[in-house]
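*Asks:* Need the 3D shape of this:
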Amino acid sequence: MRRAQSLICLSFVALPFTVNAQITSVTGDATIISPPSTVEFTVGTVPESWVFAEQQSVVLSSALAVDVAKPGTYGDFTALPPSAAGTIAKGTEVDSFYLHSYNLANLSGTDFSGSITFATQILGVEGLDGSLIASNSLGNPGTKYYSTSHTQGFDFATNIDGFTWSGKTITFKDETFAASDDLRIITAAAAVPEPATLAFFGLGLAGVGFMRRRRAVSGDVCCRSAIPVLPPLRSIR
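*Replies:* Next comes the predicted model:
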């Protein structure tokens, strides 16, 4: 019975759903972190290219304008073409993620590059100052964002800043100086298991473990009962 109880505990430990699981992989300088307290001028002495989850499973109450609404390659000393912009329809359920690159210790220029792959399709990207501010309603409630322009967006036309969007992956490169380079990536909402579903799944795993233990014990009893009991040998005089 003690072993069966252990199986029940283990089945629930393995089930918790984490938001960062919706970022399936990163490469290069990109680092997955928990939402920070701020993405304004940060304090530190090492280069940082953070990506973190913002609000999840948000149903848009109105159409959301985005700087880039379709896959492709953008930037690298080329301004965003007007044809890149678009909207994500009202009623769409979305997840939001934020990329923040900065190096406070080197304001003369630091290069960053990497890629981020998400669990669901990318629907749009915000990369200009005004668009980042306008979409802060999707930001993490505990994180402080710029409310005015501080050139925190990508400098698509005047710098190497740019990215390629392909399916669920965004590959970026940028160079920061006195300000950060930020992107907000909006994806289709990932399916989150309902609590009741998780509970039933855990009970199911526990039940399987208990039945296996019960069968093992029953088999052991059967095997022992099948061994014939011989009478004690009498000594022959």
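*Asks:* residue ranges with poor pLDDT in this protein?
*Replies:* 1-20, 42-46, 192-237 (pLDDT under 70).
*Asks:* Next, please give the residue ranges for the helices of it.
*Replies:* 2-13, 129-134, 195-225 (DSSP state H).
*Asks:* Any buried residues in the shortest one, and which?
*Replies:* Right, the one you point to is helix 129-134. Residues 129, 131-133 are the ones in helix 129-134 that count as buried (16 or more other Cβ atoms under 10 Å). All C-beta spots, glycine's among them, are computed from the backbone N, C-alpha and C.
*Asks:* repeat for stretch 103-119
*Replies:* 103-104, 110, 112-118.
*Asks:* a markdown table please, covering those residues and showing distance to Ile160.
*Replies:* Shown next, in a markdown table, are these (distance: Cβ to Cβ, whole Å):
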| residue | distance to Ile160 |
| --- | --- |
| Asn103 | 15 |
| Leu104 | 20 |
| Thr110 | 12 |
| Phe112 | 10 |
| Ser113 | 9 |
| Gly114 | 14 |
| Ser115 | 16 |
| Ile116 | 18 |
| Thr117 | 22 |
| Phe118 | 24 |
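*Asks:* before we move on, the earlier item: of the buried residues of helix 129-134, which is the nearest to Asp95?
*Replies:* Of all the buried residues of helix 129-134, Asp95 sits closest to Leu132, with 16.8 Å by Cβ to Cβ.
*Asks:* residues contacting the closest one?
*Replies:* 126, 145-146, 152-153, 182, 184 (Cβ atoms under 8 Å, 6 or more residues apart in numbering).
*Asks:* Ok, Gln55 next?
*Replies:* So Gln55 contacts 95-96, 138-141 (Cβ under 8 Å, 6+ apart).
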